[in-house]
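Q: With the sequence up front, the predicted model follows.
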Amino acid sequence: MGMNIEQIYTGCLAEAAYYIESNGEAAIIDPLREVEPYLKKARKDNAKIKYIFETHFHADFVSGHIDLAEKSGAEIVYGPTAKTTFKSHIAADGALFKIGDLTITALHTPGHTPESTTYLLTDKEGKPYCIFTGDTLFIGDVGRPDLAQQGSLTVEDMAATLYDSLHTKILTLPDDVLVYPAHGAGSACGKNMSKETFDTLGHQKEVNYALKAETKEQFIKEVTDGILPPPQYFAKNAAMNKHGYESFDDVYEKGFNPLTPDEFEALVNHAGAVILDTRDPQVFAKGFIPSSVNIGLNGQFAPWVGALITDLKQALLLVVEEGKEEEAITRLSRVGYDNTIGYLDGGIAAWETSGKDIDTITSISAEAFEDIVNEHPDVNALDVRKPGEYEAEHLENTLARPLDYINDWTKEIDNKQTYYIHCAGGYRSMIAASILKARGVDHVVDIAGGYGAIKTTGLKRTDFACPSKAMKD
């Protein structure tokens, strides 16, 4: 039978978009901001993209729906209650859409957000094959109910709505139906997600804590327990998804602007641009442009930019490894940072050749840190991991200073003191060290390899040994 369903998974955002094709017709579910990959797939299959289905107004990334509709002529579909300022089709609950031999049914499943909709795909025999659940049902979790409270609705109200949606619309489907969610582990849209990116509904009924809750009350309690506040960029991305945005082609053109060291320096001074250095943390430490912030492309780059740079319109200048310019601009735009105004042509080598100032950050081994602590037990040691990681286990003499909240706690930092910083593996500690350094803290020392390396030393560790909490985080 003519059916092709492809999950297009983007690891750094933990986001899944979907491409569906049957008999020369195609649909895309929850596309990312750069739409060329979807257009290419359709061209390869000789198919026309007929629909772009949006499961909800995404908060953690900017969708490519508007650009894709413009370039493909496809119709943008949202579920009931959605209001957009661009042309879109608001589907009624139960509305049917045809893609070749396949049928897609819009099932309104509010709870994560009021307009959240699950799309049920049935084959040409009318047999339910899979559901595209967006952020309503994840593998191992359900969507957080705290992102879109409206009016007098509380988090508990939204969780109750989510419970009803799951029980009336989704759990009534056959057990062999495949569940295709919008996110996997590592996304801030849920708290307990599995590393798997799809599963059968039957297996989820057995293993997903939220689906196993005996009562609505228990479900509400479990789902609302321990949600961390959303990153600040979530509300801004949701607004962009609702009201439109600059075309990605224009964003790319503006950002793909090679600059000489002199031009680069002039823009830092005149445009008030932030220098984002996306190289590997240990490479960055050995030499960087003063006041650069290091957020490496080799980690969860976009979510960390989103958590730490509070103005989406902030002008950004990039220092990247050669050939990584396009990737950096693209990944920034996926979370709504559309104001990259150029990159350093020739990278850091060009800067050094031009004889301009270079800064460094000292990075020491866990063993060297152990020696320092043994001599000076009262050193300032900052653990920048998330609160749950710290609670599970940490060094006795460290302060919990989560990177997520660095804009709050830097006020307490004394610029004259020396600070030793670690995270789990060394990615986040260099982000923190670079931000502190840019803010005038001259003596920051990174502990290479993070807590993973520290655990192999003889330093004293504490864990709260509270199993239920540790499991949750």
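A: Sure, I can see it.

Q: count of residues packed around the residue nearest to Met430 when sequence neighbours are not counted?
A: Once flanking residues are discounted, Met430 sits nearest to Pro281: 3.5 Å by Cβ to Cβ, 6 or more residues apart in numbering. No exception for glycine: its C-beta is placed from N, CA and C like everyone else's. By the criterion of other Cβ atoms under 10 Å, Pro281 has 26 neighbours.

Q: Who are the contact partners of Pro281?
A: With contact set as Cβ atoms under 8 Å, 6 or more residues apart in numbering, Pro281 has these partners: 294, 296, 426-427, 429-431, 446.

Q: Listing request: residues of the protein with sub-threshold pLDDT.
A: 1, 149-151, 464-473 (pLDDT under 70).

Q: what residue of it is the furthest out?
A: Glu375 (40.7 Å; Cα atoms, centre = their mean).

Q: Give me the phi and psi angles of that one.
A: phi -80, psi -40 (degrees, to the nearest 10).

Q: try Gly244
A: Backbone torsions of Gly244, given as degrees, to the nearest 10, read phi 100, psi 170.

Q: Could I get the contacting residues of it?
A: By Cβ under 8 Å, 6+ apart, the contact list for Gly244 reads 66, 85-86.

Q: try 6 Å this time
A: By Cβ atoms under 6 Å, 6 or more residues apart in numbering, the contact set of Gly244 is 66, 86.

Q: Any figure for the gap between it and Ser88?
A: Applying Cβ to Cβ, to the nearest Å, the value for Gly244 to Ser88 is 11 Å.

Q: Over to Thr224?
A: Look at Thr224 and Ser88: by Cβ to Cβ, they are 31 Å apart.

Q: Check Glu246 too.
A: 18 Å.

Q: More neighbours: which of the two?
A: Ser88 (18 against 15).

Q: Can you say which helix or strand has the closest residue to the more buried one other than its chain neighbours in it?
A: Nearest in space to Ser88, with sequence neighbours left out and distances taken as Cβ to Cβ, 6+ apart, is Ile76 at 4.2 Å. Assigning secondary structure by DSSP states H and E places Ile76 in strand 75-78.

Q: Packing partners of that strand?
A: Applying 3 or more Cβ pairs under 6 Å, 6 or more residues apart in numbering; DSSP states H and E, one finds that strand 75-78 contacts strand 48-53, strand 89-90.

Q: Domain map for this protein?
A: Residue ranges for the domains of the chain, per automatic domain parsing: 4-235, 246-353, 362-472.

Q: Could you tell me the end-to-end distance of the shortest one?
A: In other words, domain 246-353. 36 Å (Cα to Cα, to the nearest Å).

Q: Ser187: which element?
A: Ser187 belongs to no helix or strand when assigned by DSSP H and E.

Q: if I pick the nearest residue to it once chain neighbours are set aside, what's in contact with it?
A: Once flanking residues are discounted, Ser187 sits nearest to Ala14: 4.0 Å by Cβ to Cβ, 6+ apart. By Cβ under 6 Å, 6+ apart, Ala14 lies in contact with 183-184, 186-187.

Q: if we go to 10 Å?
A: 60-61, 182-190, 193, 195, 197, 300, 303 (Cβ atoms under 10 Å, 6 or more residues apart in numbering).

Q: My reading is that Ser152 is in a helix; is that accurate?
A: No. Under DSSP: H, G, I helix; E, B strand; the rest coil, Ser152 falls outside any helix and is assigned coil.

Q: count of neighbours near it?
A: 6.

Q: From Phe57, how far out is it?
A: Ser152 is 20 Å from Phe57, by Cβ to Cβ.

Q: repeat for Leu312
A: Relative to Phe57, Leu312 is positioned 16 Å away (Cβ to Cβ).

Q: With neighbour numbers in mind, choose between those two.
A: A count of neighbours by other Cβ under 10 Å puts Phe57 above the other of Leu312 and Phe57, at 23 against 20.

Q: thinking again about what came up before, between the contacts of Ala14, which sits nearest Leu102?
A: Lowest distance from Leu102 to the contacts of Ala14 (Cβ to Cβ) belongs to Ala182, with 19.6 Å.

Q: quick one: the closest one and Phe61 touch, right?
A: Yes. Assessed by Cβ atoms under 10 Å, Ala182 is found in contact with Phe61 at 9.3 Å.

Q: who touches both of those two?
A: Taking Cβ under 10 Å, 6+ apart as the criterion, Ala182 and Phe61 both touch 14-15, 17, 30, 189.

Q: okay, now Glu322: neighbour count?
A: Glu322 has 9 neighbours, counted by other Cβ under 10 Å.

Q: next one: the one 5 residues further on
A: Around Glu327 sit 15 other residues, with neighbours defined as other Cβ under 10 Å.

Q: Show me what the helix or strand where it lies is packed up against.
A: Using DSSP H and E, Glu327 sits within helix 325-333. Packing partners of helix 325-333 (3 or more Cβ pairs under 10 Å, 6 or more residues apart in numbering; DSSP states H and E): helix 248-255, helix 301-308, strand 316-319, strand 340-344.

Q: who are the neighbours in contact with the nearest residue to Leu120 once chain neighbours are set aside?
A: Excluding its sequence neighbours, the residue lying closest to Leu120 (Cβ to Cβ, 6+ apart) is Thr105, at 4.4 Å. If you count contacts by Cβ under 10 Å, 6+ apart, Thr105 has them with 91, 93-97, 117-122, 128, 131.
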